[in-house]
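Visitor: Next comes the sequence, and after it the predicted model I'd like to discuss.
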Amino acid sequence: PGRYFTQSPSLYQQALYVVATRREDVASIAVRLPRQIGCDMCQLLVSNNREDRLPALLDNVHVILRLLGTNAPRSSLYIACQTMSLNHFPIAQSWLHQLETWFSDCRGNDLTWDRSKRRRSPDGSGRAHLVQAGLSLGGFLLDIGWYDSSIAVYKVALRAVGVSVGQTSLAYRLSILTGLMVAQIRYCLYSDAVETFDDAEKTLEKLVEVNSALDAATARLWIERCQLAITMSQYDEAEHWSHQALAKLGHHTPISILLRVLHVSCKACVVKRKFQKAGQFISLALNIGLQHFDELHPRFAEVMLDYGFFLLGVDAIEAAADAYSAALRSRRHCFGDSSLLTALAHEDLSYTLYVREYNSGNFRPALDHADFAIDILEHVLPSSHLLLASTKRIKALILEEIAIDNADDGISDEPGLLLAETLHLRSMDLVRQAFGERNVQTAKHYGNLGRLYQTLRRFEEAAKYHKKAIEIKELIVGKEDYEVALSVGHLASLYNYDMEKYCEAEELYLRSIAIGRRLYGSCYSGLEYDYRGLVHLYDKTGQFQKRDLYTGLLHTWQKERDKREITSGLYPPGFFPPCELASHTTSVDLHTFLTSKLPMLCRKSSGESPLLLTHTAVRNQIT
C-alpha cells in the first residue's frame with residue numbers, strides 16, 4: 001500500500017488502508033470500530049484517490065451515522081460524498097431507501113425515549129433511534145447542499161416522530177421542522193417553507209407549555225424565518241424576526257446558533273439600509289467566528305458570504321470581492337469544485353466582479369465565474385430550477401455589457417444580446433412563479449429587461465418595463481426607498497439619452513438624486529450617473545447655467561470621493577481584508593455582549609445615519 005501515499009505511511013495508516021481497500025465487509029467492520037477509525041478510513045481513501053472503495057465503506061447508513069457522531073472535521077466526508085456523486089453513485093438515495101425500510105420495519109413500535117428500553121435493541125433500530133438518525137443525516141445533507149435529499153430525510157424523521165405530544169417528541173419535532181424549513185428555503189421551495197414554519201410555530205407553542213428552556217431552539221427557528229423573509233423581499237418582516245431571534249440569545253446559546261443569528265441579522269439590516277447596525281452585527285460575527293472556527297470552516301464561510309453582502313451594500317466593491325473570494329476558497333476546500341455550495345459562491349463572486357469592472361469593461365473574470373456556476377448547477381439541479389435561473393440572469397447581465405462594449409468598438413454582437421434576452425425572460429418567468437408579481441425580485445427582473453431593451457433600441461418596451469419596476473417597488477417598499485431610486489434613474493437615462501423626453505427625465509433625475517443623498521450622503525456612487533445625465537440634458541436643452549451648476553457638483557463629488565478613498569482605504573473603518581482578520585480579531589466577552597451591547601442593538605431605530613464607504617464609481621444597482 002505504500003505506493004499510494006505521498007509520504008511514508010504509519011503502521012496505523014497501512015493497516016487502515018488494507019482493511020478499507022481489501023475487505024469486502026469493511027462497512028460492518030467500521031460499524032464495530034471506534035468512530036474515529038471510520039473517519040480516518042474515509043480520509044485515507046479520499047487522500048489516496050481510492051474513490052472506488054468509498055461506496056463499500058459509506059453505503060451503509062449506520063456507518064455514516066456513526067461517523068457523524070464524532071467531533072472530527074467533516075471535510076473528508078464532504079469530499080467523499082461529492083466524489084461518489086460525481087461518479088454517479090446514488091449514495092443519498094441509498095441512505096434514504098434504508099431509512100424508509102427502517103421506518104417500515106419499526107412502524108408499529110412505540111416511540112420511547114427511555115435509554116434503558118432502547119438498549120434492548122442491539123442495533124438501535126427502534127423509532128426513537130430512527131428520529132435521531134433522520135435529524136443527524138438530514139443536517140449533514142443540508143450542510144453539503146444536497147437539499148432535495150435533506151428534505152426527503154427530514155420528512156422520514158417527521159413521520160417517525162408522529163403526532164406524539166410528549167416533551168421530548170415535541171422537541172425533536174421542532175428540530176426536524178426547523179431543519180426541513182432551512183432545506184426548503186435553500187432549495188427555493190418558499191411556499192412549502194412558510195407551511196413548515198407555521199407547523200413549527202404550533203409545535204413551539206405546545207412545547208412552551210411543558211418546557212420553558214427553549215430559547216436556543218426558538219432563536220434558530222426565528223432567524224431562519226428572518227432568512228425566508230429576506231429571500232422573499234419582505235424586509236419589514238425580516239427586521240421583525242431578526243429582533244425576535246436576537247432577544248432569545250443567552251449565555252447557553254450554542255455558538256453555531258449565535259453566529260447564525262448575528263450574520264443573518266446583519267443581512268436584515270443591510271436590506272433595511274441600516275448599515276451602522278449591520279456593521280456591528282457582522283463585526284461581532286467575524287470575531288466570534290474566528291474564536292471558534294478556523295478560516296476554512298464551512299460555518300465561517302457562511303459568515304464571510306454575509307460579510308461580502310454587507311460590503312457590497314455599503315458600496316465597498318473591491319472589499320466585497322475579497323470577501324466573496326475567501327468564501328469561495330473555503331467552500332472549494334470543504335466541498336470540492338463540483339458542489340452546489342461552491343457554485344453559489346462562484347455566483348456571488350461573479351456578480352461582484354461584474355459590478356467592480358463596470359467602468360473598466362473587463363468582464364472576463366465575472367463571466368468565467370458565472371460559467372463555472374452554471375456548469376456545476378446544470379449537473380445537480382433540474383434545468384428549470386430557480387437557483388440555476390439566478391445564475392443565468394447574472395450571465396445575461398454580463399453578456400449585455402460585453403455586447404455594449406463591442407458595439408462601442410464597432411463590433412456587432414446581436415446574438416449575445418438575444419441570448420441575454422432569452423436568459424432574462426426565462427429567469428423572470430421562474431421568479432414570478434416563485435414570488436408572484438408584486439415582489440421586489442420580480443421588479444428587479446423587469447428593470448433588467450428594461451435596460452436590455454434600451455440597448456436593443458426597443459425604447460417603448462424598455463420604458464414599459466422600467467415603469468413596471470417602479471410601480472411594484474413603490475407598492476412594496478415605498479416611494480423614497482433605494483430600490484425605487486434605482487429604477488427611477490434607469491428610466492431617466494432612457495428618456496434622456498434615447499427618447500429625448502427631457503422634462504420627464506429631469507424630474508426623474510432630481511428625484512433619484514434626492515433619495516440617494518438622503519440615504520447615503522453626498523459621496524454616494526450612484527450620484528455620478530444622475531449628475532452626468534443632468535449635464536447632458538441641460539446641454540441638449542440649452543440650459544447652460546444649470547449645466548454648469550451640475551458640472552460643478554460632479555467635480556465636487558469626485559473630489560470628495562477621491563479624498564475619502566485616500567483617507568479610508570478600500571474597507572470601512574474597523575473592517576479588514578479576509579487575510580488580515582485573524583490578526584485583528586478581538587476576544588468577545590459574551591457576558592458583556594449579552595447584557596449590555598445586545599439590548600442596544602435590538603432597539604429599533606428609524607433614522608440612523610448609514611455607514612457609507614464609496615470607492616468605486618460603479619452603480620452597483622443593476623440587480
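Guide: Good, I have the coordinates.

Visitor: for the chain, which spans come out with low pLDDT?
Guide: Across the chain, the ranges flagged by pLDDT under 70 are 1-7, 107-125, 165, 212, 359, 408-413, 565-569, 591, 595-597, 600-623.

Visitor: neighbours around Leu221, how many?
Guide: As a burial measure, Leu221 scores 26 neighbours (other C-beta atoms under 10 Å). Yep, even glycine has a C-beta here, placed from its N, CA and C like the rest.

Visitor: Likewise for Leu475?
Guide: Leu475: 11 surrounding residues under other C-beta under 10 Å.

Visitor: I'd say it and Asn439 touch.
Guide: No. At 10.1 Å, Leu475 does not count as touching Asn439 under the criterion of C-beta atoms under 8 Å.

Visitor: Okay, helices next: where are they in the stretch 301-450 of the chain?
Guide: Under the criterion DSSP state H, counting those that start in this stretch, helices of the stretch 301-450 of the chain are mapped to 317-335, 340-356, 364-380, 386-408, 414-435, 440-455.

Visitor: give the contact list for the nearest residue to Thr196 once chain neighbours are set aside.
Guide: Spatial nearest neighbour of Thr196, chain neighbours left out: Met181 (4.3 Å); criterion: C-beta to C-beta, 6 or more residues apart in numbering. By C-beta atoms under 8 Å, 6 or more residues apart in numbering, the contact list for Met181 reads Ala193, Thr196, Phe197, Ala200, Leu221, Glu224, Arg225, Leu228.

Visitor: try 10 Å this time
Guide: Contacts of Met181 were listed using C-beta atoms under 10 Å, 6 or more residues apart in numbering, and they are 151, 154, 189, 192-200, 221, 224-225, 227-228.

Visitor: go on, Ala326?
Guide: 295-296, 300-301, 304-305, 307-308, 345, 349, 577-579, 581.

Visitor: Quick check: next helix or strand after the helix or strand where Leu135 lies?
Guide: Using DSSP states H and E, Leu135 falls within helix 127-143. Going down the chain from helix 127-143, the next helix or strand is helix 147-161, by DSSP H and E.

Visitor: from the chain's centre, how far out does that next one sit?
Guide: Taking the mean of its C-alpha atoms, helix 147-161 sits 22 Å from the chain's own mean (C-alpha atoms, centre = their mean, to the nearest Å).

Visitor: What is that helix packed up against?
Guide: Judged by 3 or more C-beta pairs under 10 Å, 6 or more residues apart in numbering; DSSP states H and E, helix 147-161 is in contact with helix 91-105, helix 127-143, helix 167-186, helix 190-208.

Visitor: hey, C-alpha coordinates of it in PDB?
Guide: Extracted C-alpha coordinates of helix 147-161, given in PDB (Å, rounded to 0.1, in the frame of the first residue of the first chain):
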ATOM      1  CA  TYR A 147     -31.200  20.000  -0.300                       C
ATOM      2  CA  ASP A 148     -33.700  17.700  -2.000                       C
ATOM      3  CA  SER A 149     -32.200  14.700  -0.200                       C
ATOM      4  CA  SER A 150     -32.200  16.600   3.100                       C
ATOM      5  CA  ILE A 151     -35.900  17.400   2.600                       C
ATOM      6  CA  ALA A 152     -36.700  13.700   2.000                       C
ATOM      7  CA  VAL A 153     -34.700  12.500   5.000                       C
ATOM      8  CA  TYR A 154     -36.300  15.100   7.300                       C
ATOM      9  CA  LYS A 155     -39.800  14.000   6.100                       C
ATOM     10  CA  VAL A 156     -39.000  10.400   7.100                       C
ATOM     11  CA  ALA A 157     -37.900  11.600  10.500                       C
ATOM     12  CA  LEU A 158     -41.100  13.700  10.800                       C
ATOM     13  CA  ARG A 159     -43.200  10.600  10.000                       C
ATOM     14  CA  ALA A 160     -41.300   8.600  12.600                       C
ATOM     15  CA  VAL A 161     -41.800  11.100  15.400                       C
END
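
Visitor: got the angle between that helix and helix 364-380?
Guide: Taking axes from the mean of the first three to the mean of the last three C-alpha atoms, to 10 degrees, helix 147-161 and helix 364-380 form an angle of 40 degrees between their directions.

Visitor: and helix 147-161 with helix 167-186, angle?
Guide: Using the same axes, to 10 degrees, helix 147-161 lies at 160 degrees relative to helix 167-186.

Visitor: State the distance from the residue nearest the centre of the chain to Phe89.
Guide: With distances taken as C-alpha atoms, centre = their mean, Leu305 lies nearest the centre of the chain, 6.8 Å away. In this view, Leu305 and Phe89 are 30 Å apart by C-beta to C-beta, to the nearest Å.

Visitor: on that earlier part again, from the contacts of Ala326, list the buried ones, please.
Guide: Glu295, Leu296, Phe300, Ala301, Met304, Leu305, Tyr307, Gly308, Ala345, Leu349, Pro578, Leu581 (16 or more other C-beta atoms under 10 Å).

Visitor: Distance to Leu137 added to the residues you listed, as a markdown table?
Guide: Below are the buried ones among the contacts of Ala326 laid out as a markdown table (distance: C-beta to C-beta, whole Å):
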| residue | distance to Leu137 |
| --- | --- |
| Glu295 | 28 |
| Leu296 | 24 |
| Phe300 | 23 |
| Ala301 | 22 |
| Met304 | 27 |
| Leu305 | 25 |
| Tyr307 | 30 |
| Gly308 | 30 |
| Ala345 | 24 |
| Leu349 | 31 |
| Pro578 | 32 |
| Leu581 | 33 |
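
Visitor: from the contacts of Ala326, which is closest to Thr101?
Guide: Checking these against Thr101 with C-beta to C-beta, the nearest one is Ala301 at 35.0 Å.
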